[in-house]
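S.K.: One predicted model, sequence on top.
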Amino acid sequence: MSALTLEPILKGRRSQPHMLIETLLDVQESNGYVSTEDMKIISRELGVPEIEVYRAANFYKALSLKPRGKNVITICAGTACHVRGSNLLASQVHGLLGIGTGETTADGLFTLEQVNCLGACALGPVVVLNGEYHDHVTPAKLKALILKAGGQEKQAPGKKRAPVKTSARKEAAACANGKKRHSSGKALKS
Amino acid sequence: MPTVKNATALEKLSSPESLEALRKDIQARSRQTKITVTMCGGTGCCASRAQDVMDALRTEIKKNRLEYDVRVRITGCHGFCEQGPLMIIDPGNVFYCRLKPEHAADIVSRTLAGGEVIEDLLYTDPVTGRKARTESAIPFYRAQDRQLLSLNKLVDPLSIEDYIGAGGYAALAKALSGMSPAAVLEQVKKSGLRGRGGGGYPTAKKWAECAAAPGEEKFVICNADEGDPGAYMDRCLLEGNPHLVLEGMALGALAIGAQHGYIYVRNEYPLAVRHARAAVESARAAGLLGGNILGSEFSFDVDIARGGGAFVCGESTALIASLEGKVGEPRPKDVHTVVQGLWDKPTTLNNVETWANVPSIITNGGAWFASKGTKGSKGTKIFALTGRVKNTGLVEVPMGTSLRTIVFDIGGGAPEGREIKAVQTGGPSGGCLPLSMFDMPVDFDALREAGSMVGSGGIVVMDDKTCMVDVAKYFLTFLRDESCGKCSTCRLGIDRMLEIVTDITEGRGRLEQIDLLMDLAGTVAAASLCGLGKTAPNPVISTLKYFEDEYRAHILEQRCPAGVCRSLIEYSIDAHACTGCGTCARACPHGAISGGKKQPHVLDASLCQKCGICISSCKFGAILVA
């Protein structure tokens, strides 16, 4: 982002160091991550040393220093979701896409994130896919969500999904056999 | 009256009398509305597709030309999230639950136009099988005392008129017409209100210290950084009734002599952020925030700041650092924040629920509030009842209600006939309490004595499928990730404790490690600066105290009694129970299950990652865990 595109975010916040977190959150929201260039501009405009901007951007979980995938899967890892099996969901994503928490598939389609609690504990396990909340998510439900999201991005309309599943499983089996996986996220591309 | 999407703007109110006149006007207008449909639009119901139901309902209302007779009010959370989306229809107080968009046509033509109650949409009591027509007939609601939560269903959070119509800002008007700051403080003192955020510090004491602190400029802060996993009452209050929180803050500011307030709200609660912002704007426009409120000498304004997703920022000094735009690290509290807080000025920081309790204390008097609860803990408290229990949701009960009432009478016990063995209260700072202690009254002092705490009010129910060592590991992992790293005892101590507990869950545990674990727990608790580190060992200490047999089973028998710890369990398929439907084989992300159509399937143990996905997919209970 250039200084010009950051303008609406910086407006009214210049030379106010205490607006640092709010500014970073807005940049994160509009751009999906906070780039080095953004941090330099913010440092200059707010009057906060670069090292402090970086430290804050690195400290707060809501801020990401790397670009995120097109689809962001957020799994709630709160206590209520945990005792209802939310860890199965992370396993499912790992099995399907080969990514762990905080990682993005090589094709940039999916990012997996875990959050401590989304405050929808009564409906656990909860998953947020691209800002949309899903309740009582089972591994099967999550798989359907992921395939749908991946399909929207990559598959031509009318193309069958069956081969995608097979390929995902083959690759997963290969992984479980100890073979190294070459490109994560490939499963959905075939 | 059509529903309003954006915050409603009112003309500036110049005196308490003009507020009362407006209230009468609003109430008169609302009496003219023939039918009010109240729909829960909280995060929980929205996750259950409430938006689709609302859209369908609006279309049907239009189709039936009822838009001038029916008001659709979208409110905050009603608390019974398990049964969402929820709807209440007035007159008659008819309560519909688990709604789907396809129900909309029937609701409009039969109930709204025809006045008929649709039996199929009513709540069915799982025990008696009886249908409940209204909220008050449902056991989940009946056993509660919903002082704060019941307001949610009367108020569209984006409409300040709704809040005023429901009696809102009357407490502020009362305080501004003749009550001195000391008189406000006196009522709060009489009420015996204690901080709802976890510590249970007497609110009036905190306010008095801040009021007495030297300095002209003072601040109040509302802590809405509800980081405790398993607790969401603050989200529900701020999202559902933001003006209640604002009014409480204004009363606090009046008592303390503060001119400015901040609401520090979690970024993970986008709806709460939006509603709080809208509430501040409409309160400013109405002259209920800003300069010379209601024509008085009192000026007070509020800003909203978002948190960055750090659990430690729930701690007062860390939160203040974050508000100042810094990294959220706690500082020593040798000088309290009531003397030197935000920008080194006297600052009073209270939790959302604490602020929300203040208006009714001023309206009804401190003695009214103190008439509920126990000797040391007054009033009602909202608990988030979650985990392995039938009725999950928000529960508001007087302090001192027993865990048994909360879990069994209100919560309905465990689903699928399982056996409840413990509850975890107080989030990562709290502890686990076994079934044998369920008759204990829940209040600040009793829970602390038992080795747990009320905390912000999360109650996570655990049954025989929950491994207590795994629970300890879960919290240690959480705390290790959330420790800010300032104190070495917290940063390294929690890590070492996690190492030991991980060893135990993976079958490498040794009996003497339990002593080392307790030793470390003592050091971490004694030598860490803030509440996060001081209370971090609680989950381990309490599980060891009440469930040592589970630790011993892991260490001595290499066995996880609940069948949770992956290294200690093996999966197999029961050939007699398996119908060969193939669901598990399709579900397994690791390709470990195979078999012919309608033939018993086989699980390849070398490929199995023990993720448990097959168990959740099998309808016949054919996957065995040994």
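M.R.: Received it, and whenever you're ready, just let me know what you need. Numbering: from 1, shown residues only, chains lettered A, B, ... in the order given.

S.K.: Could you use CA atoms for every contact and neighbour count after this?
M.R.: OK.

S.K.: residue contacts, residue 15?
M.R.: Because you didn't say which chain, this covers chain A. A:E45, A:L46, A:G47 (CA atoms under 8 Å, 6 or more residues apart in numbering or on different chains).

S.K.: Oops, wrong one, chain B.
M.R.: With CA under 8 Å, 6+ apart, B:S15 has these contacts: B:L294, B:G295, B:S296.

S.K.: By neighbours, which of those wins?
M.R.: B:L294 (25 neighbours; other CA atoms under 10 Å in any protein chain shown).

S.K.: any weak-confidence spans in chain B?
M.R.: B:1-9 (pLDDT under 70).

S.K.: redo that, cut-off 80
M.R.: B:1-10, B:126-127, B:589-590, B:611-612, B:616, B:626 (pLDDT under 80).

S.K.: Where does it get nearest to chain A, residue-wise?
M.R.: As assessed by CA to the nearest CA, chain A sits closest to B:G325 within chain B, at 3.9 Å.

S.K.: Run through the residues of the stretch 401-550 of chain B sitting next to chain A.
M.R.: Proximity of the stretch 401-550 of chain B to chain A (CA under 8 Å from any CA of the partner chain) is limited to residues B:G427, B:V460, B:M462, B:T466, B:F478.

S.K.: Sort out for me which of the residues you listed are in strands.
M.R.: Secondary structure assignment by DSSP state E places B:V460, B:M462 of these in strands.

S.K.: Make TSV from the residues of the stretch 401-550 of chain B next to chain A and add neighbour count to it.
M.R.: Below are those laid out as TSV (neighbours: other CA atoms under 10 Å in any protein chain shown):
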residue	neighbour count
B:G427	28
B:V460	29
B:M462	29
B:T466	24
B:F478	20
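
S.K.: farthest-separated two in the residues of the stretch 401-550 of chain B next to chain A?
M.R.: B:M462 and B:F478 (18.2 Å; CA to CA).

S.K.: Share the number of residues neighbouring the one residue in chain A that gets nearest to chain B, please.
M.R.: Nearest to chain B in chain A, going by CA to the nearest CA, is A:H18, at a distance of 3.9 Å. By other CA under 10 Å, the residues close to A:H18 number 18.

S.K.: I'd say it and B:V327 touch.
M.R.: No: using CA atoms under 8 Å, A:H18 is not in contact with B:V327; the gap is 10.9 Å.

S.K.: Please enumerate the helices of the stretch 301-450 of chain B.
M.R.: Here the stretch 301-450 of chain B has its helices, by DSSP state H, counting those that start in this stretch, at B:316-323, B:352-364, B:366-370, B:403-404, B:444-449.

S.K.: Sketch out the low-pLDDT regions of chain A for me.
M.R.: By pLDDT under 80, the weakly predicted segments of chain A are A:1-4, A:151-190.

S.K.: tell me the strands in it, going along the chain?
M.R.: With DSSP E as the criterion, chain A has strands spanning A:71-76, A:110-115, A:127-129, A:132-134.

S.K.: Domain map for chain A?
M.R.: Using automatic domain parsing, the domain parsing of chain A gives A:3-59, A:71-188.

S.K.: What angle do helix B:352-364 and the longest strand along chain B make with each other?
M.R.: In chain B, with assignment by DSSP E, the single longest strand is strand B:380-387. Here strand B:380-387 runs at 150 degrees with respect to helix B:352-364, directions being taken by axes from the mean of the first three to the mean of the last three CA atoms, to 10 degrees.

S.K.: re earlier: who wins on neighbours among the contacts of A:S15?
M.R.: Going by other CA under 10 Å, A:L46 tops those with 19 neighbours.

S.K.: And that residue, how far from B:N267?
M.R.: From A:L46 across to B:N267, the span is 21 Å (CA to CA, to the nearest Å).

S.K.: returning to that earlier point: columns distance to B:G307 and mean neighbour count on top of the helices of the stretch 301-450 of chain B, output as a markdown table?
M.R.: Output for the helices of the stretch 301-450 of chain B, formatted as a markdown table (distance: least, CA to CA, whole Å; neighbours: other CA atoms under 10 Å in any protein chain shown):
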| stretch | distance to B:G307 | mean neighbour count |
| --- | --- | --- |
| helix B:316-323 | 8 | 25 |
| helix B:352-364 | 15 | 24 |
| helix B:366-370 | 32 | 20 |
| helix B:403-404 | 32 | 20 |
| helix B:444-449 | 27 | 17 |
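
S.K.: okay if I get these as a markdown table plus distance to A:K141?
M.R.: Shown next, in a markdown table, are these (distance: least, CA to CA, whole Å):
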| stretch | distance to A:K141 |
| --- | --- |
| helix B:316-323 | 37 |
| helix B:352-364 | 35 |
| helix B:366-370 | 46 |
| helix B:403-404 | 34 |
| helix B:444-449 | 39 |
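
S.K.: B:D106: which of those is closest?
M.R.: Of these, nearest to B:D106 by CA to CA is helix B:352-364, at 37.8 Å.

S.K.: got a list of contacts for the closest one?
M.R.: Outside helix B:352-364, the residues that touch it by CA under 8 Å, 6+ apart are B:148, B:169-172, B:174-175, B:184, B:187-188, B:191, B:193-197, B:222-224, B:233-234, B:237-238, B:244-249, B:251-252, B:368-369.

S.K.: which stretch among the strands of chain A comes nearest B:L435?
M.R.: strand A:71-76 (27.2 Å).

S.K.: Each with direction, which strands does the closest one pair with?
M.R.: Paired with strand A:71-76 in the same sheet, following DSSP bridges, are strand A:110-115 (parallel), strand A:127-129 (antiparallel).

S.K.: Just the C-alpha atoms of the host helix or strand of B:L57, please, in PDB.
M.R.: B:L57 belongs to helix B:50-63 when assigned by DSSP states H and E. Output of helix B:50-63 as PDB, limited to C-alpha atoms (Å, rounded to 0.1, in the frame of the first residue of the first chain):
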ATOM      1  CA  ALA B  50     -30.900 -16.100  11.500                       C
ATOM      2  CA  GLN B  51     -30.300 -13.600   8.700                       C
ATOM      3  CA  ASP B  52     -31.900 -15.800   6.100                       C
ATOM      4  CA  VAL B  53     -34.900 -16.300   8.400                       C
ATOM      5  CA  MET B  54     -35.200 -12.500   8.800                       C
ATOM      6  CA  ASP B  55     -35.000 -11.900   5.100                       C
ATOM      7  CA  ALA B  56     -37.700 -14.500   4.400                       C
ATOM      8  CA  LEU B  57     -39.900 -13.100   7.100                       C
ATOM      9  CA  ARG B  58     -39.600  -9.500   5.800                       C
ATOM     10  CA  THR B  59     -40.500 -10.700   2.300                       C
ATOM     11  CA  GLU B  60     -43.500 -12.600   3.600                       C
ATOM     12  CA  ILE B  61     -44.700  -9.700   5.700                       C
ATOM     13  CA  LYS B  62     -44.600  -7.500   2.600                       C
ATOM     14  CA  LYS B  63     -46.400 -10.100   0.500                       C
END
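
S.K.: That helix near chain A at all?
M.R.: No: applying CA under 8 Å from any CA, one finds helix B:50-63 separated from chain A by no less than 11.2 Å.

S.K.: Report the buried residues of the following helix or strand past that helix.
M.R.: With elements assigned by DSSP H and E, the helix or strand that comes after helix B:50-63 is strand B:70-75. The neighbour-count check on strand B:70-75 (16 or more other CA atoms under 10 Å in any protein chain shown) flags B:V70, B:R71, B:V72, B:R73, B:I74, B:T75 as buried.
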